[in-house]
Structure formats: C-alpha cells, structure tokens
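[1] Pasted the sequence and its predicted model underneath.
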Amino acid sequence: MKKDLGAWGIPQGLIADGEAPLVAAKREFAEETGHMPRGEFISLGDAKQPGGKIVHVWAVEEDWNPERLESNSFEMEWPPRSGKPPNISRA
C-alpha cells in the first residue's frame with residue numbers, strides 16, 4: 001500500500017512438474033508482462049519470502065520498450081472472503 005512510486009517486483013508462479021525453473025520463470029514473465037524475455041540469463045540465486053516460498057531469480061539484459069508492457073488482469077473478491085467482486089470506480 002502506498003508503494004507504487006519506484007516499486008518493482010519479480011513475476012512468480014508455480015513450477016510445473018518436470019519444468020525447469022528457468023523455463024517457468026520465462027513463462028511467468030511473459031504471462032505477467034506480455035513480453036517473452038530473450039538473451040543470456042544470469043542466475044541471482046534463490047530468495048526466501050517471509051511466508052516461506054522460495055523464489056528462483058534471474059537477470060537478463062535486453063533492449064526492449066517497457067511502454068509495450070501488457071499487464072495481465074484478474075478478478076478478486078474484496079474485501080477478502082466476502083464473496084463480492086471489487087467495487088472499482090473508473091474515471
């Protein structure tokens with residue numbers, strides 16, 4: 001909350017059975033941004049989140065236009081466990 005300015009995150013999701021972690025990372029990045037990353041990937045190791053989830057992290061240098069990002073969308077109930085869709089007013 002209130003951390004939008006300069007915020008960034010690591011796309012993350014589940015690794016399918018038999019799927020290599022880097023393949024899963026590329027898939028998740030493409031699902032969340034609309035861009036399939038290409039280039040030489042450098043492993044930055046693993047990061048353990050406060051909830052205990054282990055995230056495998058990579059970096060890649062690539063020249064592409066971030067204005068072409070296409071964020072995925074989803075629906076969620078709000079407030080949590082209310083069974084109601086969010087009440088979002090659009091300007």
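    Looks like it arrived, so ask away. Residues are numbered from 1 along each chain as shown.
[2] Give me the distance from stretch 67-85 to the chain's centre.
    Centroid separation between stretch 67-85 and its chain, computed with CA atoms, centre = their mean, to the nearest Å, is 14 Å.
[3] my bad, should have said stretch 26-36
    8 Å.
[4] what residues does it touch?
    By CB atoms under 8 Å, 6 or more residues apart in numbering, the residues outside stretch 26-36 that reach it are 11, 12, 13, 37, 64, 68, 69, 70, 71, 72. Where C-beta positions appear, they are placed from N, C-alpha and C, glycine not excepted.
[5] Let's verify the closest residue to the third one other than its chain neighbours: helix, strand, or coil?
    Looking back up the chat, that one is residue 13. Nearest residue to residue 13, sequence neighbours excluded (CB to CB, 6 or more residues apart in numbering): residue 28, at 4.3 Å. For residue 28, the assignment made with DSSP: H, G, I helix; E, B strand; the rest coil gives helix.
[6] Just the buried positions in stretch 21-30, please.
    If you call a residue buried by 16 or more other CB atoms under 10 Å, then stretch 21-30 has these buried ones: 24, 25, 26, 27, 28, 29.
[7] was I right about the first one contacting residue 13?
    Yes - the pair residue 24 / residue 13 is scored as a contact, 6.9 Å apart, by CB atoms under 8 Å.
[8] And what about residue 57, helix, strand or coil?
    With three-state DSSP as the criterion, residue 57 reads strand.
[9] OK, contacts around the residue nearest to the spatial centre of the chain?
    Residue closest to the mean C-alpha point of the chain, counted by CA atoms, centre = their mean, is residue 11 at 2.0 Å. Residue 11 makes contact with 25, 28, 29, 31, 32, 33, according to CB under 8 Å, 6+ apart.
[10] what's the closest of those to residue 84?
    residue 32 (25.4 Å; CB to CB).
[11] how about the helices in this structure?
    Along the chain, the stretches classed as helices by DSSP state H are 21-33.
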